[in-house]
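In: Just need the structure, nothing else, for what follows:
(3 chains)
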Amino acid sequence: MTSVLWFRRDLRISDHPALNAAADAGPVLGLFVIDPLVWDQAGPVRRAWVAASLQALRDETGGHLVLRYGDPVAVLPAVAREIGAGTVHITRETTPFGLARDARVAAALDDAGLARVGTGTPYAVDPGSVRSQKGDPYQVFTPFSRGWREIGWEPPLPAPDVSWLDLPEDTAAEQALADALAEAPLTLPTAGTAAALERMTWFRNEAIGDYADLRDRPGVDGTSRMSPYLKIGSVHPRQLLAEVDPAGKFATEIAWREFYADVLWHRPASAWTDLRDLPLRYDDPTDLIEAWRQGRTGFPIVDAGMRQLLGEGWMHNRVRMITASFLTKDLHAWWPVGARHFLDHLIDGDVASNSHGWQWTAGTGTDASPYFRVFNPITQGLKFDSDGDYIRRWVPELAHLPGSAVHEPWKHPLGYEADYPRPVVDHAVERQVALERYAERGD
DNA sequence: TTTTGAGTTGTTCGA
DNA sequence: GTCGAACAACTCAAA
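Out: Numbers count the residues shown, from 1 in each chain, chains lettered A, B, ... in the order given. Have a look, this model is predicted:
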């Protein structure tokens, strides 16, 4: 029987259980729907990454990827009818947005007399399935990760033989793809499964030994950089876990991704609201938030990170924490303001990891009340970018300063020669304000 | 039921 | 320069 495989965040053909299910049943039409509501919200680099990943998937299918532009609620029944398919196969969604969209599409498919089959999820262990001995979902990472490893996962599936179907091109979709690709920065990673696995092999052979030491240094290429591939589904986490020690540090990073997906599964509102209702008092300092977005706060490592985000669509994890701490603890803004900006621009922006990473920084997340978690952007810079290379790469106004002097331009006679902004706040003062607000919560 | 130990990623201060 | 303690009190998981 003919079916449609609706690709979403599973842009690959290997280790793809839903594709296997469709291919086992008969000929398959591979479809991706460019939904303008999602597409237009994304920044140019994020769009370029999706476009490049679609192009890679098209290559992997031998050119048989059909693109459509529009609302999936209208597109899916129309395409299924056009090709004579009775079933739409998907990888099951787990996020609130994805579940709501799938529910609307499912209703439309029902009305059209079409079946829908969900197989697998983008996770090694499906969200909702790791439970404590009492049967409750875990609220804390470490016990979750024990339960997660106990459940375990299957080895990756090979790519199936697929009899692909085609339809005439949708001009609007092809144009959207071409426009997005035209805006790709030179720093965009090579998209697709093969590039992902090649990078993973390099990481495993060359970098994983130094991972614990180098992963915190934003000026060093010491992380796997698998997150953009995982986000778009060019690889499934099973394929990465098969390459490493399941008890090791890298597998633990995968477990963090799965933990946050699990938390979001049980608490969908936590995507955009405080997981723990403390409540904290927030400000809305519009001009300062805009300075933060643009990387013009006068704190070098904050500005370097925010500019890397806009330029590359990626930010080093250490710097994500520093910039997030700055927005929430120095500017006292509500974390979703920052989470929204990150999600719009990060090529690896994933709602579960993004929002819960932000909640961790803001102190509203899963781990217990570390009220004192206020990053000092200057000492963090000196500690993790001690040679200053990261700053010089992203903040040209400071590129003339030597070594670690870039972190404290106010101490250098030539620090402001190139019109670098002065610090927009006094960190020591704002740190005290943040601590006081934490102490007054609920009063 | 009660108790106990633990909880990703920090900073500052004083010895 | 290095190191350990203090920094609120709380929630969770499991014994």
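In: Quick one: name the residues of the stretch 1-150 of chain A near DNA strand C.
Out: Within the stretch 1-150 of chain A, the residues that sit near DNA strand C (Cβ under 7 Å from any atom of the strand) are A:132-134, A:136-140, A:143-144, A:146-147. Just so you know, the C-beta spots here come from the backbone N, C-alpha and C atoms, and that holds for glycine as well.
In: Just the buried ones out of those, please.
Out: A:137-139, A:144, A:147 (16 or more other Cβ atoms under 10 Å).
In: Which one of the residues of the stretch 1-150 of chain A next to DNA strand C is nearest to DNA strand B?
Out: Lowest distance from DNA strand B to those (Cβ to the nearest atom of the strand) belongs to A:Val140, with 5.3 Å.
In: Quick check, pLDDT for that closest one.
Out: In this prediction, A:Val140 carries a pLDDT score of 93.
In: What lies in contact with stretch A:127-135?
Out: A:94, A:121, A:137-138, A:143-144, A:147-148, A:151, A:258, A:261-262, A:264-266 (Cβ atoms under 8 Å, 6 or more residues apart in numbering).
In: Just flag the most distant two among the residues you listed.
Out: Within these, two members stand farthest from each other by Cβ to Cβ: A:Thr121 and A:Pro143, at 21.4 Å.
In: quick one: low-confidence ranges for chain A?
Out: A:368-369, A:442-443 (pLDDT under 70).
In: mind giving me the domain split of it?
Out: A:3-120, A:124-154+A:193-266, A:286-440 (automatic domain parsing).
In: Surely A:Ile391 is in contact with A:Pro300?
Out: Yes - in this structure, A:Ile391 is within contact of A:Pro300 by Cβ atoms under 8 Å, at 4.7 Å.
In: Now do the shared contacts for those two.
Out: A:381, A:398, A:406-407.
In: Kindly write the ChimeraX command that selects the buried subset of those residues.
Out: Restricted to buried positions by 16+ other Cβ under 10 Å, the ChimeraX selection for these reads:
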select /A:381,398,406,407
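In: residues in the stretch 151-300 of chain A within reach of DNA strand B, list them.
Out: So the stretch 151-300 of chain A meets DNA strand B at A:216, A:253, A:256 (Cβ under 7 Å from any atom of the strand).
In: Which residue is the nearest non-sequential neighbour of the second one?
Out: For A:Glu253, the nearest residue in space outside its immediate sequence neighbours is A:Ser224; the separation is 8.0 Å by Cβ to Cβ, 6 or more residues apart in numbering.
In: and the gap between that neighbour and A:Phe372?
Out: 31 Å (Cβ to Cβ, to the nearest Å).
In: which one of the two has more residues nearby?
Out: The neighbour comparison of A:Ser224 against A:Phe372 (other Cβ atoms under 10 Å) goes to A:Ser224, with 23 against 10.
In: and the end-to-end length of stretch A:114-128?
Out: 28 Å (Cα to Cα, to the nearest Å).
In: Work out the gap between it and the centre of the chain.
Out: Chain-centre distance of stretch A:114-128: 19 Å, with Cα atoms, centre = their mean, to the nearest Å.
In: Now that stretch: buried residues?
Out: Applying 16+ other Cβ under 10 Å to stretch A:114-128 flags A:114, A:116, A:118, A:120-127 as buried.
In: just stretch A:418-434 next, same as before
Out: A:420-421, A:423-425, A:427, A:430-431, A:433-434.
In: Quick one: these as JSON lines, columns for distance to DNA strand C and secondary structure too.
Out: Below are those laid out as JSON lines (distance: Cβ to the nearest atom of the strand, whole Å; DSSP: H, G, I helix; E, B strand; the rest coil):
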{"residue": "A:Tyr420", "distance to DNA strand C": "26", "secondary structure": "coil"}
{"residue": "A:Pro421", "distance to DNA strand C": "29", "secondary structure": "coil"}
{"residue": "A:Pro423", "distance to DNA strand C": "23", "secondary structure": "coil"}
{"residue": "A:Val424", "distance to DNA strand C": "26", "secondary structure": "coil"}
{"residue": "A:Val425", "distance to DNA strand C": "21", "secondary structure": "coil"}
{"residue": "A:His427", "distance to DNA strand C": "16", "secondary structure": "helix"}
{"residue": "A:Glu430", "distance to DNA strand C": "17", "secondary structure": "helix"}
{"residue": "A:Arg431", "distance to DNA strand C": "11", "secondary structure": "helix"}
{"residue": "A:Val433", "distance to DNA strand C": "15", "secondary structure": "helix"}
{"residue": "A:Ala434", "distance to DNA strand C": "12", "secondary structure": "helix"}
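In: and the residue lying closest to A:Asp389 once chain neighbours are set aside, how many residues sit next to it?
Out: Excluding its sequence neighbours, the residue lying closest to A:Asp389 (Cβ to Cβ, 6+ apart) is A:Gly219, at 3.9 Å. Burial of A:Gly219 is recorded as 19 neighbouring residues (other Cβ under 10 Å).
In: same check, this time on the one 4 residues further on
Out: Here the count is done by other Cβ under 10 Å, and A:Thr223 has 20 residues near it.
In: Roughly how far does A:Val28 sit from A:Val88?
Out: 11 Å.
In: shared neighbours of those two, which are they?
Out: Joint contacts of A:Val28 and A:Val88 (Cβ under 8 Å, 6+ apart) are A:3-4.
In: so what does the longest strand along chain A touch, helix or strand wise?
Out: Using DSSP state E, we find that the single longest strand of chain A is strand A:28-34. With contacts taken as 3 or more Cβ pairs under 8 Å, 6 or more residues apart in numbering; DSSP states H and E, strand A:28-34 sits against strand A:3-7, helix A:44-60, strand A:65-69, helix A:72-83, helix A:171-182.
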